[in-house]
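> need a 3D model of the sequence below.
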Amino acid sequence: MFLAVILLGDCASRDRRFEWPPSAPGGTEWIDGKTGHKVIRLSRREGPNEVFYFRQNPFTAAGDKMVFMGYTDQGRCAFTLDLKTLEIRQITTCNTALEAVAPKSRLLYYVRGDTVFSTHLDTLETHKVAEVPHHYTWGRGLSVNADETMLAGCYCLGEEKFYQSNMPRKQWIREIWKSRLPNALYTIDVQTGKINELFHENEWLGHVQFSPTDPTLIAFCHEGPGHELDRMWIIRSDGTGLRKLYEKKWPRELQTHEFWSPDGTKIWCDFQTPQLPAQVMPFLEVVTYPRFYLASVDPHTLDLKRYGYPMRYASRHFNISPDQTMFCGDGEGGRFRLCPSGKWIFLYQIKEGKLKARRLCSMAGHDWKTGPEPNTHFTPDGKWVVFQSDVQGTTQVYAVAVDREQ
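Coordinates of the predicted model:
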């Protein structure tokens, strides 16, 4: 049975064949009524479920399983999904945080309490990796290096008081950034449990991610108000080789939500520059539209390449296919000032030096203001884009076909 996405906006009446979410009990597959692409629900279990953050790989190297997170009576636990049969299996029975998949060794690393554990995705064999200071558990991570011998993460000492405050999100982001608290990057040897704090500074750190091919190269960012900081950095796991990846040319430029290419030769990011009037008079940035690009930086040569696209195709997060021929994005929700729309899961390709967009499925029913960020991922075969949405009332995990024929 095929069901589909609700027709909104320019449609005067609703066609129930194209309804989102599907109204039939147990509806788990449908055809999007506006794009013709097949959409399936992957998280076919009770309770809310979540995908990994966009830059964190949830798949095994063999491409047979995906890990996602689901809420149970035991807390936030990890589950595997068989990508062929769609069979779901719970693999942790405790509150699970800072999760990261080691794709080749088929291990899930995670934090429970003040301890890092690993659990095998098939046998469920579980081992203690290391005990960590309590403030690590409020930080960001984990990331697994290319030869799967180290984990990396970061913390900001005292950040939890901001998360637990009643301040609006934009305010506490600015307040943490302004506070210039002690921050550090750290690694954990997965065999010995040895912890090494390799870099300290009084800047808010985040998005720690090992290169997918170089076991000692780490990308990280400076967090905070994106227009006001130099975001993208790399460093070696022994603390050497600190390097800024890009020097801003104009006030109010923005680089954000960076991610590695699968071959480790580039770091991609959302890249925005002010229009000419705002370059001359920066205060005009708030009343003009920026120029939008998907950009890549070579971490060795710092060569920068930018691929422009219209603002209506903007996404909060981009991701790249395993064969590096396509990108996906999770839309923006139409919140860029007078942006006409952005409530889609997008597919992108670079053609003639520009980023060309195609709509995969509607996100018109998603709560962009308070709901989860969709966080798109390509499946290992490149045929599906996985995302999350609260369109059925609770956050669930879905996939949309890249091709209409699937």
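> which residues are contacting the helix or strand hosting Q171?
Assigned by DSSP states H and E, Q171 belongs to helix 169-179. For helix 169-179, contacts defined as CB atoms under 8 Å, 6 or more residues apart in numbering pick out 156, 158-159, 162-163, 165, 167, 204, 223-225, 229. The C-beta positions use only the backbone N, C-alpha and C, and glycine is treated the same way.
> how much space separates the most centrally placed residue in the chain from M326?
For the chain, F54 is the residue whose C-alpha lies nearest the centre (CA atoms, centre = their mean; 1.7 Å). Distance, F54 to M326, using CB to CB, to the nearest Å: 15 Å.
> same check, this time on Y186
In this view, Y186 and M326 are 34 Å apart by CB to CB.
> between those two, who's got more neighbours?
Remark: of Y186 and M326, Y186 carries more neighbours, 23 against 18, as counted by other CB atoms under 10 Å.
> please name the bridge partners of the more buried one.
Y186 has these beta-bridge partners by DSSP bridges: G153, E197.
> could you check the pLDDT of it?
As predicted, Y186 sits at a pLDDT of 98.
> same deal with Y163?
90.
> what about the helices in the chain?
Using DSSP state H, the helices assigned to the chain run over residues 160-163, 169-179, 276-280.
> which parts of the longest one are buried?
Meaning helix 169-179. By 16 or more other CB atoms under 10 Å, the buried positions in helix 169-179 come out as 172-174, 176-177.
> how far off centre is the helix holding Q171?
21 Å (CA atoms, centre = their mean, to the nearest Å).
> got the CA coordinates for it in PDB?
Once non-C-alpha atoms are left out, helix 169-179 reads as follows in PDB (Å, rounded to 0.1, in the frame of the first residue of the first chain):
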ATOM      1  CA  ARG A 169      18.500  28.800  22.900                       C
ATOM      2  CA  LYS A 170      20.000  31.800  21.100                       C
ATOM      3  CA  GLN A 171      20.700  33.500  24.400                       C
ATOM      4  CA  TRP A 172      22.500  30.600  26.100                       C
ATOM      5  CA  ILE A 173      24.600  30.000  23.000                       C
ATOM      6  CA  ARG A 174      25.800  33.600  23.100                       C
ATOM      7  CA  GLU A 175      26.300  33.500  26.900                       C
ATOM      8  CA  ILE A 176      28.400  30.300  26.800                       C
ATOM      9  CA  TRP A 177      30.500  31.900  24.000                       C
ATOM     10  CA  LYS A 178      30.900  35.200  25.900                       C
ATOM     11  CA  SER A 179      31.800  33.400  29.100                       C
END
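> surely I91 touches D122?
No - the pair I91 / D122 is not scored as a contact, 9.1 Å apart, by CB atoms under 8 Å.
> higher neighbour count, the two?
Comparing I91 with D122 by other CB under 10 Å, the one with more neighbours is I91, at 20 against 12.
> next up, the contacts around the more buried one.
Contacts for I91 (CB under 8 Å, 6+ apart) come out as 67, 77-80, 108, 119, 121, 124.
> farthest-separated two in those residues?
Farthest pair in the contacts of I91 (CB to CB) is C77 and L121. Separation: 13.5 Å.
> who has more neighbours out of the two?
A direct count of neighbours by other CB under 10 Å for C77 and L121 places L121 higher, at 22 against 19.
> which residues does the more buried one contact?
60, 65, 67, 80, 91, 101, 106-108.
> quick check: closest non-adjacent residue to T213.
In space, and not counting its chain neighbours, T213 is closest to G264: 3.3 Å by CB to CB, 6 or more residues apart in numbering.
> wait, that neighbour sits on P215?
No - contact criterion CB under 8 Å: G264 and P215 do not qualify, at 10.3 Å.
> what do the two both touch?
With CB under 8 Å, 6+ apart as the test, G264 and P215 both reach A146.
> now do the contacts for L302.
Contacts of L302 (CB under 8 Å, 6+ apart): 245-246.
> quick one: it and A295, what's the gap?
Here the distance between L302 and A295 works out to 12 Å (CB to CB).
> so for the helix or strand of the chain with the lowest mean pLDDT, what gets flagged as buried?
When the helices and strands of the chain are compared on mean pLDDT, DSSP states H and E, helix 276-280 comes out lowest with a mean of 74. Neighbour counts over helix 276-280 (16+ other CB under 10 Å) mark 278-279 as buried.
> quick thing: my sequence starts at 151, can you match it?
Fine by me, first position is 151 from now on; the one you just mentioned is helix 426-430.
> just for the protein, where's the confidence low?
151-176, 436-437, 484-491, 556 (pLDDT under 70).
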